[in-house]
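give the three-dimensional model of this entry:
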Amino acid sequence: MNQKVAVLPRLLEKYRTEVVPELQKEFGYKNPMQAPRMEKIVVNMGVKEGQEDIKILDQLAIELSRIVGQKPVVTRAKKSISAFKLREGSPIGLKVTLRRSRMYEFMDRLFNFAMPRIRDFRGFLDKSFDQRGNFTIGLTEQTIFAEVEFDKMKKTQGMDITFVTTAENSKEGKRLLELLGFPFRK
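Predicted structure coming up:
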C-alpha cells in the first residue's frame with residue numbers, strides 16, 4: 001500500500017486560488033476557464049561547440065537536466081551552412097519542454113531562487129512578448145541555478161526560456177506572469 005501522494009505545486013495552487021479570480025475581475029471573464037493559463041515552458045540552449053566536442057554537449061545536457069528536472073533533447077542542424085562551418089545533422093543545442101507540475105515547480109525555483117542570484121538584477125523588460133502573450137527571456141549563464149555544481153562545470157552557457165501561455169494578447173500574458181510572481185522592471 002505504498003502509494004505516492006501527488007503534491008500540488010505551490011505556484012499552481014496560487015494560480016487556482018489567487019490568480020484566476022484576479023484575472024476574472026480585471027478582464028471581465030465570466031468563466032474561470034476563460035482566464036489565460038501557462039501552457040508550457042521551453043528551455044533552449046544553443047551550443048556551437050557541440051559539433052566539435054561532444055563531451056561539452058553531454059556535460060551541458062547533465063547540467064540542464066539537473067536544472068529543469070527532465071532530460072533534454074539534442075537539437076541538430078537542419079541544413080549545412082558553410083559560413084558557420086555547420087554540417088547538416090550535427091548537434092548544435094539542447095531543448096526541454098516542461099508541462100504541468102514540472103513546469104510550475106521550475107517556474108517557482110526560477111522566480112524565487114535563481115533570479116534573485118542574478119548580479120545587479122532589477123527585473124526583466126516587458127519587450128519580449130509576442131502577439132499571442134508568450135514571453136521569452138535570455139539568461140547569460142547557468143550558474144544562477146543552485147543545482148549546477150561549479151567544480152564539475154566545463155563551460156558557462158546561456159539559455160533562452162520561453163513561457164507559452166493561452167493568453168489572447170501580450171497584455172493578458174504579462175498580467176498572468178506578473179500575478180504568478182515574474183519580476184518585471186518597473
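
from here on, just use CA atoms for contacts and neighbour counts.
Fine.

go ahead and confirm L64 touches P72.
Yes: with contact defined as C-alpha atoms under 8 Å, L64 reaches P72; the gap is 7.0 Å.

which of those two has more neighbours?
Neighbour comparison, L64 and P72: the larger count goes to L64, with 25 against 22 (by other C-alpha atoms under 10 Å).

secondary structure element for the more buried one?
Using DSSP states H and E, L64 sits within helix 54-68.

I'd like the next helix or strand past that helix.
strand 73-76.

residues in contact with that next one?
88-96 (C-alpha atoms under 8 Å, 6 or more residues apart in numbering).

now do the strands in the chain.
Listed in chain order, the strands of the chain (DSSP state E) span 38-46, 73-76, 91-98, 135-139, 159-165.

which of those strands has the lowest mean pLDDT?
Among the strands of the chain, strand 73-76 carries the lowest mean pLDDT, a mean of 80.

gap between that strand and the chain center?
Mean C-alpha position of strand 73-76 versus that of the full chain (C-alpha atoms, centre = their mean, to the nearest Å) differs by 17 Å.

surely L179 touches T17?
No: if you go by C-alpha under 8 Å, L179 and T17 don't touch, sitting 11.5 Å apart.

more neighbours: those two, which one.
L179 (16 against 11).

I'd like the distance between that one and V164.
As judged by C-alpha to C-alpha, to the nearest Å, L179 and V164 stand 15 Å apart.

equivalent analysis for N44, please.
In terms of C-alpha to C-alpha, N44 sits 13 Å off from V164.

nearest residue to the middle of this structure?
Centroid check for the chain by C-alpha atoms, centre = their mean gives I161 as the closest residue, at 3.7 Å.

where does pLDDT dip in the chain?
In the predicted model of the chain, residues 1-5, 50-52, 78, 81-86, 89, 146, 149-151, 153-154 satisfy pLDDT under 70.

one more time with 90, if that's ok
Counting by pLDDT under 90, the ranges of the chain that qualify are 1-20, 22-39, 43-95, 98-163, 165-186.

buried sites along stretch 37-52?
By 16 or more other C-alpha atoms under 10 Å, the buried positions in stretch 37-52 come out as 37-38, 40-47, 50-51.

as JSON lines, those with distance to R175 would be great.
Formatted as JSON lines, the buried residues of stretch 37-52 follow (distance: C-alpha to C-alpha, whole Å):
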{"residue": "R37", "distance to R175": "11"}
{"residue": "M38", "distance to R175": "12"}
{"residue": "K40", "distance to R175": "17"}
{"residue": "I41", "distance to R175": "17"}
{"residue": "V42", "distance to R175": "20"}
{"residue": "V43", "distance to R175": "21"}
{"residue": "N44", "distance to R175": "24"}
{"residue": "M45", "distance to R175": "27"}
{"residue": "G46", "distance to R175": "29"}
{"residue": "V47", "distance to R175": "33"}
{"residue": "G50", "distance to R175": "38"}
{"residue": "Q51", "distance to R175": "40"}
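
no further questions, thank you.
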